[in-house]
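Undergrad: Build me a model from this:
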Amino acid sequence: MHTPHDEPLRAAAGASPGAARLRVDGVDLAYDDAGRGETVVCLHAVGHGARDFSLLRERLGHRYRFVALDWPGQGRSGDDRMPASAARYADLLGGFLDDLGLDDAILLGNSIGGAAAIACAAARPGRVRALVLANSGGLAAVDRATQTACAAMTRFFSAGARGARWFPAAFAAYYRLVLRRTPARPQRERIVASGLEIAPVLAQAWESFAKPEADLRDAVASLRCPILVAWAMQDRILTFGRSEEAVARCADRRIVRLRGGHAAFLEDPDAFAAAFDRFADDLVSRPRA
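TA: Residues are numbered from 1 along each chain as shown. Model (predicted):
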């Protein structure tokens, strides 16, 4: 058994030390399972971990059951034999939901977690209760501008994967833009401390974002479940403007604009929790998709 002294630094951003574990397609996935009520499966951004959702669980754990997993090679989960991508994560998520018998959960996904939630819901019509998309990937066109930006970010994180001496300071500066607001600072510091460890997974993910299959605009438009789009409006990478057209195609959508650079549940936790609670509470009186 690992002790805090021999765990990777990335573990601090992930699921709790006593996290449950589930093996899905050869990957040892760690996850927290706490609270009571309707089940919400929480899916973090690449390089983050299940601890992203601790502020939300503190506020609403008396009303909802929060199941928050660590993606492969992040938090306390094991490594994957396949590179990181939303498509791979969607496949793992499907197996995770099946193994836990979760056929009617709310999926709350941030960034690559949102893209995985979209792809998973599209592959499981009628088996996802609702989506909460927080600065989700997959909603912008994979055009030349996107490919150029992704190539630059892939080079940045590849340098970290090689152990470039300048990378930790540059990564810290970058994350001050990603998670801007004070409530997110403790989790931001945990992520920054693990920068060299998570750089290889970040490089893989950013390379995947430039591929045609990363465009999930048609997939999200096909969904008939209720969708809450909860956007941190200071995001300079996944901007709402580039995603707005795809959001408008969603048949059953609600939009809330919040403060923050990428993850409003971390940066604007009270407002996010209130918006989430209103949305989830309304589901009780609505017909199933």
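Undergrad: Residue 57 against residue 35, yeah?
TA: Yes - under the criterion of Cβ atoms under 8 Å, residue 57 makes contact with residue 35 at 6.0 Å. For every residue, glycine as well, the C-beta is placed using N, CA and C.
Undergrad: Overlap of the contact sets of the two?
TA: Residues touching both residue 57 and residue 35 (Cβ atoms under 8 Å, 6 or more residues apart in numbering): residue 66.
Undergrad: okay, these two: which has more neighbours?
TA: Using other Cβ atoms under 10 Å, the more surrounded residue of residue 57 and residue 35 is residue 57, with 22 against 19.
Undergrad: C-terminal to the helix or strand the more buried one falls within, what's the next element?
TA: In this structure, residue 57 sits in helix 54-60 according to DSSP states H and E. Next along the chain after helix 54-60, taking DSSP H and E as the criterion, comes strand 64-69.
Undergrad: So which other helices or strands are in contact with the following helix or strand past that next one?
TA: Of the helices and strands lying after strand 64-69 in sequence (DSSP H and E), the nearest is helix 86-100. Helix 86-100 sits against strand 20-24, strand 27-35, strand 38-43, helix 112-123, with contacts defined as 3 or more Cβ pairs under 8 Å, 6 or more residues apart in numbering; DSSP states H and E.
Undergrad: Over to the residue located most distally from the centre of the chain: give its phi and psi.
TA: The C-alpha centroid of the chain is most remote from residue 165, which lies 28.2 Å away (Cα atoms, centre = their mean). Main-chain torsions, residue 165, degrees, to the nearest 10: phi -60, psi -30.
Undergrad: which residue ranges form the helices in the stretch 151-289 of the chain?
TA: Using DSSP state H, counting those that start in this stretch, the helices of the stretch 151-289 of the chain run over 167-178, 185-193, 195-209, 217-222, 240-248, 264-267, 269-283.
Undergrad: Throw those into a markdown table and include mean pLDDT and distance to residue 22, thanks.
TA: Below are those laid out as a markdown table (pLDDT from 0 to 100; distance: least, Cβ to Cβ, whole Å):
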| stretch | mean pLDDT | distance to residue 22 |
| --- | --- | --- |
| helix 167-178 | 98 | 29 |
| helix 185-193 | 98 | 23 |
| helix 195-209 | 98 | 19 |
| helix 217-222 | 98 | 25 |
| helix 240-248 | 97 | 31 |
| helix 264-267 | 98 | 23 |
| helix 269-283 | 97 | 24 |
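Undergrad: export the helices and strands packed on helix 86-100 to CSV and tack on mean pLDDT and distance to residue 236?
TA: Listed next are the helices and strands packed on helix 86-100 as CSV, based on pLDDT from 0 to 100; distance: least, Cβ to Cβ, whole Å:
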stretch, mean pLDDT, distance to residue 236
strand 20-24, 98, 34
strand 27-35, 98, 30
strand 38-43, 98, 22
helix 112-123, 98, 17
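Undergrad: Surely residue 247 and residue 230 touch.
TA: No - under the criterion of Cβ under 8 Å, residue 247 makes no contact with residue 230, lying 11.2 Å away.
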